[in-house]
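# quick one, structure for this:
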Amino acid sequence: ANGFCFSDGCGMISPLLAQEIASKMNLSEVPSAFQIRFAGFKGVVAVNPEINGLALRPSMKKFDTNHCSLDVLNVAEAFPCYLNRQVIMILSALGVPDSSFEKLQMDHLKYLAQCFNSNGILSLKDFKISDLDPKDPFMRSLISAQFRHQLMDLLTKSRIVLPKGRILMGVVDESGILAEDEIFCQIRDDQLNQVIEGRVTVAKNPCMHPGDVRVLKAIKNPLLESYSYNVIIFSRRGSRPVPDMCSGSDLDGDLYFVTWDESLIPPQVDEPMVYDALEPKIKSGPITVEDLREFMVFFIRNDQLGAIANTHVALADQLEAGVRDSACKALAKLFSYAVDFPKTGYVATIPKEVRVERYPDFMMKFDKPNYASHRVIGTLFREIKAVMAEEISEDFTGNSLINGEFLIPGYEVRTFHYPFFLCGFMISSI
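Residues are numbered from 1 along each chain as shown. Reported below is the predicted structural model:
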């Protein structure tokens, strides 16, 4: 419809063949979808009880080949869901209050604190290694490193866990049951066994345009519940596919951010950006190894993804309209071109008029002029910074079981105290 392909990159697989593949892969359950490569086709095949074997669409074909082995790249499963700075900036611009993000970060910190028992030892159960001795110094150092890593993710990325959210593989509704802007989503994992119902927020990382975040309606349906789980099923109805609205993505294996947390449902959504792909540069004649070598060097020298993303973050923090400002939208368009640089050969260059001279404190550009950000990401950053800098007098090595044969004279002065071990060199830097 309207020149769009609602099933772009998505085919079907019979339950019998899916079961056979799952058995050969030694999977405990039969997934609802597989990302595959087969005979020049690439994309996702979703389980459909109405077909036999494989059903592949023209949109999945990449090239002609006689190679006909079925390669499985990925299977559908529910991954943990986290906020990040790009999603936070967009949701904040769309009207989600700052208090929602602050509460979620505080809940995340409380969870991390609860990973310690009354003796100050991390709970190994939360890190799926509960059969090991929590007092072993080496194991405690590993767990503490994981704990520190999560704090650093909060500090540098605002990576806040969302209990009411998952990262899911996208597929199309072959049944035609779903209406426009409806989805079906059944979660089945260690923490949850639930069919999601009601309003949900959906996005595809990375996302920079305010229209990349969509609010959709999740519904229950007995037919879909019988064979689909740990995927997000998008409707095939409407003027434009929802996946295309989400950062110009498709259904060939893309993973989608899905949350049903009511505090993260924005009161409004913006028009999505039109992701028009540029025509790739075509080389006449055969492609040689030297051509590949030259393009690799060209790509390394001219890749601007990181620079565009950083400029977008800094500019969105400084401009009153944030990500809704025309300059930020222009950078979002430029970013989409930079993503396709390996395919098109088009070099995306940041215009001089949108380059920034100073950066918000949460970007930690210590060698550049910076300032304290007044937006929610700045608030979240300084809260974590305060937590990491807090003095904790307890010696981290207390209550450990230490083999005396490994101790050498003078070891006492090498004992790390908890604050230093937790924060490392970052305390002096921030």
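
# going by C-alpha atoms from here, please, whenever you check contacts or count neighbours.
Fine.

# neighbours around Leu334, how many?
Applying other CA atoms under 10 Å, we find 20 residues neighbouring Leu334.

# quick one: it from Ala277, how far?
11 Å (CA to CA, to the nearest Å).

# chain center to the longest helix seen in the chain, what's the gap?
In terms of residue count, the longest helix belonging to the chain (DSSP state H) is helix 137-157. For helix 137-157, the gap between its own C-alpha mean and the chain's C-alpha mean amounts to 20 Å (CA atoms, centre = their mean, to the nearest Å).

# report the angle between the helix or strand following that helix and helix 137-157.
Going down the chain from helix 137-157, the next helix or strand is strand 161-172, by DSSP states H and E. Here strand 161-172 runs at an angle of 70 degrees relative to helix 137-157 (axes from the mean of the first three to the mean of the last three CA atoms, to 10 degrees).

# dump strand 161-172 to PDB, restricted to CA.
Extracted C-alpha coordinates of strand 161-172, given in PDB (Å, rounded to 0.1, in the frame of the first residue of the first chain):
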ATOM      1  CA  VAL A 161      16.100  -1.400  33.300                       C
ATOM      2  CA  LEU A 162      12.400  -1.700  32.500                       C
ATOM      3  CA  PRO A 163      10.700  -4.600  34.200                       C
ATOM      4  CA  LYS A 164       7.600  -3.800  32.100                       C
ATOM      5  CA  GLY A 165       9.400  -4.000  28.800                       C
ATOM      6  CA  ARG A 166      11.200  -6.400  26.500                       C
ATOM      7  CA  ILE A 167      13.300  -6.300  23.300                       C
ATOM      8  CA  LEU A 168      11.500  -8.400  20.700                       C
ATOM      9  CA  MET A 169      11.900  -9.600  17.100                       C
ATOM     10  CA  GLY A 170       9.300  -8.100  14.800                       C
ATOM     11  CA  VAL A 171       7.000 -10.100  12.400                       C
ATOM     12  CA  VAL A 172       3.900  -9.300  10.300                       C
END
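
# that strand: partners in the sheet, and parallel or antiparallel?
strand 79-82 (antiparallel), strand 231-234 (parallel), strand 255-259 (antiparallel) (DSSP bridges).

# chain center to the first one: distance?
In other words, strand 79-82. How far strand 79-82 lies from its chain's middle: 7 Å, per CA atoms, centre = their mean.

# what's it in contact with?
159-163, 165-168, 257-259 (CA atoms under 8 Å, 6 or more residues apart in numbering).

# circling back to that earlier point, JSON lines for the strands paired with strand 161-172, including distance to Pro241, mean neighbour count and mean pLDDT?
Output for the strands paired with strand 161-172, formatted as JSON lines (distance: least, CA to CA, whole Å; neighbours: other CA atoms under 10 Å; pLDDT from 0 to 100):
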{"stretch": "strand 79-82", "distance to Pro241": "23", "mean neighbour count": "17", "mean pLDDT": "96"}
{"stretch": "strand 231-234", "distance to Pro241": "8", "mean neighbour count": "27", "mean pLDDT": "98"}
{"stretch": "strand 255-259", "distance to Pro241": "14", "mean neighbour count": "23", "mean pLDDT": "98"}
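
# need those in a markdown table with distance to Ile408, can you?
A markdown table is the format used below for these (distance: least, CA to CA, whole Å):
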| stretch | distance to Ile408 |
| --- | --- |
| strand 79-82 | 43 |
| strand 231-234 | 55 |
| strand 255-259 | 51 |
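
# out of these, which gets nearest to Ala327?
strand 255-259 (25.4 Å; CA to CA).

# beyond that closest one, next helix or strand please.
helix 289-302.

# contact partners of that next one?
341-342, 347.

# tell me the buried residues in it?
299, 302 (16 or more other CA atoms under 10 Å).

# and the next helix or strand after it, how far out from the chain middle?
Following helix 289-302 in sequence order, the next helix or strand is helix 305-318 (DSSP H and E). How far helix 305-318 lies from its chain's middle: 18 Å, per CA atoms, centre = their mean.

# any buried residues in helix 305-318, and which?
Neighbour-count burial for helix 305-318 [16+ other CA under 10 Å]: 305, 308-309, 311-318.

# all helices for the stretch 301-430 of the chain, in order.
305-318, 326-339, 341-344, 376-389, 418-423, 426-429 (DSSP state H, counting those that start in this stretch).

# what's the closest of those to Gly253?
Short answer: helix 326-339, nearest of the helices of the stretch 301-430 of the chain by CA to CA, at 16.4 Å.

# who touches that closest one?
208-209, 247, 273, 275, 277-278, 303-305, 308-309, 312, 315-316, 322-323, 346-350, 354.

# could you check the angle helix 305-318 makes with that helix?
170 degrees.

# pLDDT on helix 326-339, on average?
For helix 326-339, the mean pLDDT works out to 95.

# C-alpha coordinates for it, PDB please?
Taking C-alpha atoms only, helix 326-339 is exported to PDB below (Å, rounded to 0.1, in the frame of the first residue of the first chain):
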ATOM      1  CA  SER A 326      14.600  21.400  12.900                       C
ATOM      2  CA  ALA A 327      18.400  21.200  13.300                       C
ATOM      3  CA  CYS A 328      18.000  17.900  15.300                       C
ATOM      4  CA  LYS A 329      15.600  16.600  12.700                       C
ATOM      5  CA  ALA A 330      18.200  17.400  10.000                       C
ATOM      6  CA  LEU A 331      20.800  15.400  12.000                       C
ATOM      7  CA  ALA A 332      18.400  12.500  12.400                       C
ATOM      8  CA  LYS A 333      18.100  12.400   8.600                       C
ATOM      9  CA  LEU A 334      21.800  12.700   8.200                       C
ATOM     10  CA  PHE A 335      22.300   9.800  10.700                       C
ATOM     11  CA  SER A 336      20.000   7.600   8.600                       C
ATOM     12  CA  TYR A 337      22.200   8.300   5.600                       C
ATOM     13  CA  ALA A 338      25.400   7.500   7.600                       C
ATOM     14  CA  VAL A 339      23.800   4.200   8.700                       C
END
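
# still on that earlier bit, and the longest helix of the chain, what does it pack against?
The contact analysis (3 or more CA pairs under 8 Å, 6 or more residues apart in numbering; DSSP states H and E) places helix 137-157 against helix 376-389, helix 418-423.

# identify whichever of these lies nearest to Cys185.
Short answer: helix 376-389, nearest of those by CA to CA, at 29.7 Å.

# which ones are touching Val44?
9-12, 33-36, 171, 251-253 are the contacts of Val44 under CA under 8 Å, 6+ apart.
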